[in-house]
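> Turn this into a model:
(2 chains)
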Amino acid sequence: MKLYTDEGNFQTLKIIVASEISGVKLEIVHTKSDEKLLTYLSNCKLPALESHPGEFLFSANAASRYLTNLRWKETDPSVIDQWLEWESAVLLPIVFPYLVSLIGQGKTEEHQITCIHGYLEYLDIELNGKQVLCGDSVTVADIVLWSSLYPVLNGKFCLKGWESQYKHLQAWNSHLTNLEPFKAAIKVVLGDRDTSVLKASILAQPVPQRAKDIGQSGPVQQRQKQVKE
Amino acid sequence: MAEAGQSIAALATYLGVKAGKVTLDGRDKLPVVKGKTGTRRGLVSITKHLVRAAEKNSLLGNTAEDQAAVDQWLEYRVSQLDRCQGDKELAGVLKELNAYLADKVYFVNHTLSLADILLYYGLHTHFVGMPFYDKENYMHVSRWFDNVQHEKGLRQTFPYVHFLRTQIYDRMSH
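Next up, the predicted model:
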C-alpha cells in the first residue's frame, strides 16, 4: 500500500501507528500539498492511503481504522465510532486552527485555549481509572486522539502546564508515546526534530470547519423550501 | 442540526427500528440519543448503531475496504457537507461529489450503503430548491440522487425532486 503525504503532516501519525500495528508495510510517497492526487477532490487533503491501486482513502481516521482492523477485531465498534466522530467533528476543528495560530502565526486566541482546556479536561475525566479509552487494550480510538493531540501535548508548542492539571491524560499520553508503533510514527513524521517541523503542512492543509452555531442558523424545525418547478 | 435529527428519524423508519428522542449537545453541537443500551453521540455513531440494531450490517460494508469507504463518506457528510458556509462552499462539495460519482452508481461498491442514505438525506434540502440548470450541471450527483430517491422506503415524507430526462441546456455554449 502507498501512503501519500506532505512532509511533517501530524495527521499522518495516525496512519503510520496503525500500519505498524497491522504489520502492513507502507510505501511513503512524499507529495506537495498543492499536487492534485485525487481527481475528484478540489482541495488536496493529505494524507491519503492507496489501499489498492487507484483506490484511495482520503480520511485519515477511516484509513487508520482500516489498517488496525486488518489485525484487530473491535470488541465494541459503537464506542470506537463515537471517539472517531468526536475527534473529526469536534476536537480537530478546534485543534487545527489553534495550531495554525500558534505554530503558523506565533499567537493564539483566548477562546481557542479555553476550548482546548475544556476538551483536555473531558478526556482526563474519561481516562480516570483507565489506561486506554475503550476496553483494556489500545484501539484505533487511542491512536487517532493521540495523533491529533500530539503537537498540543508534546514538544516545543505544547500547552504549558497541562501535565500537572490533567494527570490521567498525562499517564495515557506517556504510556502511548512509549509504545513502539507510536515511537516509530514520531520517527517517520518528525525525524529527530521538534514539532516546529509540522509548520509547513499545518499552514498548507485545509482547516477543518467547526459546526455552525445552531442558534444563528435559523429555525430548528424543517427548513425545506417548497419550490414549484 | 435540524437536518441531523431528520436524517436519524428517517433512517430509523427506513430500518424499521426506534430512533429515540434526538437532543443536541450544546457544547459540541452533536446530536445525542439516550437509549436503553447507553447514550450515543454524533450523527455517524447514532446511525451506524441503528443499522447494527436493525441487523442490516451490509449497509456498513461487507469487506474491510468497503467499511472504510463507507466510514469516510459518512465523515464527509458531517465534516464537509453539513459544515458548508454558504453557496460557494456547497458548490465545491457538489463539484467534488459530481466528479466522484462520474463513473459510479452508488458511493461504495455498486450497492446501496449508509453513505448513500445519509448523503441523500443531507443533500435533499439543497436539491429541493435547485434550478434545472444546476441539476444538469451536477449531472452525476443528480443521476445518483434520482436513483436513491427511488429506493423503496427511503424517501418517506421528503418531497420528490424532479429531474429532466433529456438535457435542455446546451453545455457547449457555457
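
> quick one: pLDDT of the most centrally placed residue in chain A?
Centroid-nearest residue in chain A: residue A:148, 3.4 Å away (criterion: C-alpha atoms, centre = their mean). pLDDT, residue A:148: 98.

> Next: residue A:122.
Note on residue A:122: pLDDT of 97.

> Look up how far chain B lies from it.
Separation of residue A:122 from chain B (C-beta to the nearest C-beta, to the nearest Å): 9 Å. No exception for glycine: its C-beta is placed from N, CA and C like everyone else's.

> Can you classify that residue by secondary structure?
Classification of residue A:122 by DSSP: H, G, I helix; E, B strand; the rest coil places it in helix.

> contacting residues for it?
By C-beta atoms under 8 Å, 6 or more residues apart in numbering or on different chains, the contact list for residue A:122 is empty.

> thinking again about what came up before, does the residue nearest to the centre of chain A touch residue A:94 like I think?
No: Residue A:148 lies out of contact with residue A:94 (C-beta atoms under 8 Å); the separation is 9.9 Å.

> how about the strands in chain B?
For chain B, the strands defined by DSSP state E cover B:22-25, B:30-35, B:38-41.

> try chain A
Assigned by DSSP E, the strands in chain A fall at A:2-5, A:27-30, A:48-52, A:55-57.

> would JSON lines of those strands with distance to residue B:111, mean pLDDT and mean neighbour count be doable?
What follows is those, written out as JSON lines (distance: least, C-beta to C-beta, whole Å; pLDDT from 0 to 100; neighbours: other C-beta atoms under 10 Å in any protein chain shown):
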{"stretch": "strand A:2-5", "distance to residue B:111": "26", "mean pLDDT": "95", "mean neighbour count": "20"}
{"stretch": "strand A:27-30", "distance to residue B:111": "30", "mean pLDDT": "95", "mean neighbour count": "12"}
{"stretch": "strand A:48-52", "distance to residue B:111": "18", "mean pLDDT": "93", "mean neighbour count": "19"}
{"stretch": "strand A:55-57", "distance to residue B:111": "16", "mean pLDDT": "93", "mean neighbour count": "19"}
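
> Export the ones you listed to TSV and append columns for distance to residue A:110.
What follows is those, written out as TSV (distance: least, C-beta to C-beta, whole Å):
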stretch	distance to residue A:110
strand A:2-5	33
strand A:27-30	37
strand A:48-52	35
strand A:55-57	36
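
> Counting neighbours, what do you get for residue A:24?
Neighbours of residue A:24 under the rule other C-beta atoms under 10 Å in any protein chain shown: 15.

> and it, how far is that from residue A:10?
Using C-beta to C-beta, to the nearest Å, residue A:24 is found at 21 Å from residue A:10.

> Equivalent analysis for residue B:153, please.
Using C-beta to C-beta, one gets 43 Å for the distance from residue B:153 to residue A:10.

> Who has more neighbours out of the two?
Comparing residue B:153 with residue A:10 by other C-beta under 10 Å, the one with more neighbours is residue A:10, at 26 against 10.

> ok, that one touching residue A:144?
No: contact criterion C-beta under 8 Å: residue A:10 and residue A:144 do not qualify, at 11.8 Å.

> Serialize the strands of chain A to a markdown table and add fields for distance to chain B.
Formatted as a markdown table, those follow (distance: least, C-beta to the nearest C-beta, whole Å):
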| stretch | distance to chain B |
| --- | --- |
| strand A:2-5 | 14 |
| strand A:27-30 | 18 |
| strand A:48-52 | 6 |
| strand A:55-57 | 6 |
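
> Out of these, the one nearest residue A:82 is which?
For the strands of chain A, proximity to residue A:82 was assessed by C-beta to C-beta; strand A:55-57 is nearest, at 20.2 Å.

> What is that closest one packed up against?
Under the contact definition 3 or more C-beta pairs under 8 Å, 6 or more residues apart in numbering or on different chains; DSSP states H and E, strand A:55-57 sits against strand A:48-52, helix B:64-79.

> List the strands paired with it, with their directions.
Next to strand A:55-57 in the sheet, as set by DSSP bridges, lie strand A:48-52 (antiparallel).

> centroid residue for chain B?
Centroid-nearest residue in chain B: residue B:119, 1.4 Å away (criterion: C-alpha atoms, centre = their mean).

> tally of neighbours for the nearest residue to that residue once chain neighbours are set aside?
Take residue B:119 and drop its neighbours on the chain: the residue closest to it by C-beta to C-beta, 6 or more residues apart in numbering or on different chains is residue B:77, 5.5 Å away. Neighbourhood size, residue B:77 [other C-beta under 10 Å]: 26.

> and residue B:77, what does it touch?
Residues in contact with residue B:77 (C-beta under 8 Å, 6+ apart) are B:43-44, B:115, B:118-119, B:122.

> and which of those residues is nearest chain A?
Among the contacts of residue B:77, residue B:44 lies closest to chain A (C-beta to the nearest C-beta), at 4.7 Å.

> ok, that closest one - contacts?
Neighbours of residue B:44 in contact, by C-beta under 8 Å, 6+ apart: A:81, A:85, B:71, B:74-75, B:77-78, B:118.

> go on, residue A:144?
With C-beta under 8 Å, 6+ apart, residue A:144 has these contacts: A:14, A:60-61, A:64, A:83-84, A:87.

> please redo it, this time with the cut-off set to 10 Å
By C-beta atoms under 10 Å, 6 or more residues apart in numbering or on different chains, the contact set of residue A:144 is A:11, A:13-15, A:17-18, A:60-61, A:64-65, A:68, A:80, A:83-84, A:86-88, A:91-92, A:133.
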